[in-house]
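Colleague: The sequence and its predicted three-dimensional model are supplied below.
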Amino acid sequence: MSNLRIQELQKQLQENMKKAIMLAEKNTIRNSDGKVVISVNDEWRRDN
């Protein structure tokens, strides 16, 4: 693979990772304490 092709693929990967991170942040649900939960009214608990 040529250096130019590798650079193109790295750029595409970087752009796709930025999109994935933005989507993950947008779709993350947090409770009133700011902790990530499955639903807004879900309680945070520790399972030992």
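Modeller: Received it, and whenever you're ready, just let me know what you need.
Colleague: What count of nearby residues applies to the residue lying closest to Val40 once chain neighbours are set aside?
Modeller: Computed as Cβ to Cβ, 6 or more residues apart in numbering, the closest residue to Val40 that is not its neighbour in sequence is Ile29, at 6.0 Å. Just so you know, the C-beta spots here come from the backbone N, C-alpha and C atoms, and that holds for glycine as well. Other residues lying near Ile29 total 11 when counted by other Cβ atoms under 10 Å.
Colleague: residue contacts, Ile29?
Modeller: Ile29 sits next to 36-40 when contact means Cβ atoms under 8 Å, 6 or more residues apart in numbering.
Colleague: Show me these that map onto strands.
Modeller: Cross-referencing the contacts of Ile29 against strands under DSSP state E gives no overlap.
Colleague: Most neighbours out of the residues you listed, which is it?
Modeller: Result: Val37 is most packed of the contacts of Ile29 (other Cβ under 10 Å), 15 neighbours.
Colleague: Surely that residue touches Thr28?
Modeller: No - taking Cβ atoms under 8 Å as the definition, Val37 is not a contact partner of Thr28, at 9.3 Å.
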